[in-house]
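In: Structure for this input, please:
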Amino acid sequence: MIVVGVDGSMTARAAVDWAAADAFRAHLPLRIVHAVDRSPYQVDRFGGSGGGDTLVREGQRVLREAVALARERQPSVEVTTRDVEGSPVAVLREQAERAGEIVLGSRGLGGFAGTLLGSVSAQVAGQAPCPVVVVRGERRPRQGRIVAGVDDSPTSEPALAYAFQQADLRGSGLQVVHAFAPEIARDLDEVCAARHRVVQKRLMAFRDRYPHLEVEEIVRFAHPVDALTAASAEADLVVVGSRGHGPFGAALLGSVSRGVLHHARCTVAVVRAPRADVPAQRT
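Out: Numbering: from 1, shown residues only. Sure thing, here's the model as predicted:
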């Protein structure tokens, strides 16, 4: 199941469009979710003023419009809705437990994604166990390319798996980008060759699984955010991994994923690596 969060904004409409297309390609049902968040309005203080009913009616309107758009774009996709009371982060975190993907607009009306990378976007991308896709509102011509960031750790493999799957479903080429800053006084050619070998090793199993995909390897001396942002100009999707750090663990985004979400010119998917202390779920 693919879940898309909506709040009536233009970028939420773009998210519905993206999610419906992904659901069609993957042969999955689509669930459209709206959070009825009363806390910013302190609705309970107004008693019988009807403020609560207004929020409910508005949520139902938003859902109706989103359903109409999804069915217009992809009539064959099964669409259901949920109008759930609670904060957007809590609502989507609960939905993510049963979802294969969460889709959000990059800028909302103060609901699911208040800014380019608002607190809700950051928390959902940092906490959700499934991939979180943040969709830009601007329409861009199809590029036919997926970009995936890869580092030298095994934790980048879930992001690679998602990127290969997306490229396969879309019939797109895949560009794998590894960016690094070499140590001082090291031979750059030698370091680049070693990094190429690391990337090739990471890709070996995926190339065997998807032998028909066109895969380009890019190894660059650059900051990863700069390299991935540059690649995003000619991509439909940038896929990055993320590992939480600090006292809240999974609640935090890594610096690279956060930077790419801020600066990429296309849609971004954040794919979290499983925590080492949590057994991987069987599919």
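
In: Just give me the residue right at the centre of this structure.
Out: Residue closest to the average C-alpha location in the chain (Cα atoms, centre = their mean): Val133, at 2.0 Å.

In: pretty sure that one contacts Glu101?
Out: Yes - Val133 is in contact with Glu101 according to Cβ atoms under 8 Å; the separation is 6.2 Å. Heads up, the C-betas are built off the backbone N, CA and C, glycines and all.

In: what do those two both touch?
Out: Shared contacts of Val133 and Glu101 (Cβ atoms under 8 Å, 6 or more residues apart in numbering): Ala19, Asp22.

In: about what we covered before: what's the host helix or strand of the residue nearest to the centre of the chain packed up against?
Out: Here Val133, judged by DSSP states H and E, is contained in strand 132-135. Packing contacts for strand 132-135, counted by 3 or more Cβ pairs under 8 Å, 6 or more residues apart in numbering; DSSP states H and E, involve helix 10-26, strand 101-105, helix 119-127, strand 267-272.

In: what lines up beside that strand in the sheet?
Out: With DSSP bridges as the test, strand 132-135 is paired with strand 101-105 (parallel), strand 267-272 (antiparallel).

In: As a markdown table, the ones you listed with distance to Glu217 and mean pLDDT would be great.
Out: Shown next, in a markdown table, are these (distance: least, Cβ to Cβ, whole Å; pLDDT from 0 to 100):
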| stretch | distance to Glu217 | mean pLDDT |
| --- | --- | --- |
| strand 101-105 | 26 | 93 |
| strand 267-272 | 19 | 93 |
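
In: Would you point to the one among these that's packed deepest?
Out: With neighbours taken as mean count of other Cβ atoms under 10 Å, the strands paired with strand 132-135 reach their highest mean count in strand 101-105, at a mean of 28.

In: Pull out the CA atoms of that one and give them to me as CSV.
Out: Output of strand 101-105 as CSV, limited to C-alpha atoms (Å, rounded to 0.1, in the frame of the first residue of the first chain):
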residue,chain,number,x,y,z
GLU,A,101,5.8,4.1,0.9
ILE,A,102,4.7,7.5,2.3
VAL,A,103,4.3,10.5,-0.1
LEU,A,104,4.2,14.1,1.0
GLY,A,105,4.2,17.5,-0.7
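
In: Okay, angle between it and helix 10-26 too, please.
Out: Put simply, strand 101-105 runs at 150 degrees to helix 10-26, going by axes from the mean of the first three to the mean of the last three Cα atoms, to 10 degrees.

In: what's the angle from strand 101-105 to helix 119-127?
Out: If you take the same axes, to 10 degrees, strand 101-105 sits at 160 degrees to helix 119-127.

In: Identify all contacting residues around strand 101-105.
Out: Contacts for strand 101-105 (Cβ under 8 Å, 6+ apart): 2-7, 9-16, 18-19, 22, 92, 95-96, 112-113, 120-121, 124, 128, 130-135, 137.
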